[in-house]
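Peer 1: okay, here's the prediction I keep looking at, along with the sequence it came from:
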Protein chains: 2
Amino acid sequence: MVDGGAGSPTPGGRADAPRKRADARRNEAALLEAAAAAFLDAGVDVPVRDIAARAGVGVGTIYRHFPTRADLIVGVYRHQVQACAEAAPALLADSVTPHAALTAWIDRFVDFLVTKHGLAGAMSSDTAAFETLHGYFLDRLVPACARLLDAAAAAGEIRPGTDPRELLFAVGNLCAGRAPYYDARRMVGLLVAGLRLR
Amino acid sequence: MVDGGAGSPTPGGRADAPRKRADARRNEAALLEAAAAAFLDAGVDVPVRDIAARAGVGVGTIYRHFPTRADLIVGVYRHQVQACAEAAPALLADSVTPHAALTAWIDRFVDFLVTKHGLAGAMSSDTAAFETLHGYFLDRLVPACARLLDAAAAAGEIRPGTDPRELLFAVGNLCAGRAPYYDARRMVGLLVAGLRLR
DNA sequence: TGGCAAACGGAACAGCGTTCCGTATAGTTC
DNA sequence: GAACTATACGGAACGCTGTTCCGTTTGCCA
């Protein structure tokens, strides 16, 4: 569920980076574990102190390892984001049409977002602190999305020229809101349907 | 830009309600004025103290007149929301097709939202404090939107059964995010296009 | 003009993110 | 194994929020 940490020079990491102390590596792992649990229980906006308490460390330790909340969020979800990005080629190969692959891939992205309380909101936020988060997601997912869009456009299924960044951001926005009568999946479906040529 | 206040029993208001003191009415007006200016400068999330300072009153006075931030926001924008709702019938009468009227009306709503920093975000928030805001907007705008949707469905332009609340909420979500490459209008256009039967 | 209910102002409190520095300790060197 | 140093830790402290509360002021009416 959680990986070894963002910039941590594990034995397999960057060779020239100085090796971190054992307690530092232990705490980083504990923090990622605690943060993942806290995000699940209380959303990604959970107070920093709560995460620190769960991990059994002081708040200073959080900031040392993860200067911004975005770094922590990225640390927790990087594997899942990566997996989502890597799922695109297979979907493209297995689906009957590129647009079906696009739909399936976006469904997967939406599933990821709606199960993480507040994550979509954080991604959409234009706060400087979340710039990193925004950037990280986009860096990984935009190329995957672009391939799907290109394939669908080449097949004549959708109008060409859609910016994958913009589309993904819109999907994120649609996933950010919660209401009893609101189904983000349905609205995203409408959005993707709107891409189709008629 | 700002009206006389939410529940304020002005001479023309509720007959049985006790008339408020002159300074209270003056302060309520000043607060609405100050809030409108502050929202424009710093978004609807501007600190309460800033609004109080602009209006030349203490923070206690704000809470007396507007128990929640949502009440203040509603007070500031109620006229514009009302006007938006009332524009629907005319659009329906003047447009060549119901779907065109729907598009135009939603464009108007989007224009309203994107020019109010943070308003869409506040509307989408599921915080209890913003329940009021959410409810207010929906109460006014849902009937207007429903008429347009019904007309378009009756004309066979869109699939019937779309929940106007859900659609409006989705539009709000799309307007909540900001990014250099992101154009909420375009994405809302995609969403509305997705409604069309093909 | 006197009195009282209404309204005011801002101090005070609680919860948050963030910084900072005295203290503890892992790793290295002798 | 002991001493030393850079690294890392913990949590108090600070500043900025929303919100409450109560002593003081003031508009209004008799």
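Peer 2: Looks like it came in fine. Numbering: from 1, shown residues only, chains lettered A, B, ... in the order given.
Peer 1: near the closest residue to residue A:193 other than its chain neighbours, how many other residues are there?
Peer 2: Sequence neighbours aside, residue B:194 is the residue nearest to residue A:193 in space, at 3.8 Å (criterion: Cβ to Cβ, 6 or more residues apart in numbering or on different chains). Where you see a C-beta, it was placed from the backbone N, CA and C, and this is true even at glycine. Neighbour count for residue B:194, taken as other Cβ atoms under 10 Å in any protein chain shown: 20.
Peer 1: same question for residue A:119.
Peer 2: Neighbours of residue A:119 under the rule other Cβ under 10 Å: 24.
Peer 1: which ones are touching it?
Peer 2: Counting by Cβ atoms under 8 Å, 6 or more residues apart in numbering or on different chains, residue A:119 touches A:39, A:44, A:73, A:77, A:113.
Peer 1: which helix or strand in chain A has the lowest average pLDDT?
Peer 2: Every helix and strand of chain A was ranked by mean pLDDT, DSSP states H and E. The lowest is helix A:119-124, at a mean of 94.
Peer 1: in JSON lines: the contacts of residue A:119, plus secondary structure, distance to residue A:63 and neighbour count.
Peer 2: Formatted as JSON lines, the contacts of residue A:119 follow (DSSP: H, G, I helix; E, B strand; the rest coil; distance: Cβ to Cβ, whole Å; neighbours: other Cβ atoms under 10 Å in any protein chain shown):
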{"residue": "A:39", "secondary structure": "helix", "distance to residue A:63": "18", "neighbour count": "21"}
{"residue": "A:44", "secondary structure": "coil", "distance to residue A:63": "17", "neighbour count": "24"}
{"residue": "A:73", "secondary structure": "helix", "distance to residue A:63": "14", "neighbour count": "24"}
{"residue": "A:77", "secondary structure": "helix", "distance to residue A:63": "19", "neighbour count": "24"}
{"residue": "A:113", "secondary structure": "helix", "distance to residue A:63": "27", "neighbour count": "21"}
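Peer 1: any chance of those residues in a markdown table, with distance to residue A:170 and pLDDT too?
Peer 2: A markdown table is the format used below for the contacts of residue A:119 (distance: Cβ to Cβ, whole Å; pLDDT from 0 to 100):
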| residue | distance to residue A:170 | pLDDT |
| --- | --- | --- |
| A:39 | 24 | 98 |
| A:44 | 20 | 96 |
| A:73 | 20 | 97 |
| A:77 | 20 | 97 |
| A:113 | 12 | 97 |
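Peer 1: what's the closest of the residues you listed to chain B?
Peer 2: Chain B has its nearest neighbour among the contacts of residue A:119 in residue A:113, at 12.0 Å by Cβ to the nearest Cβ.
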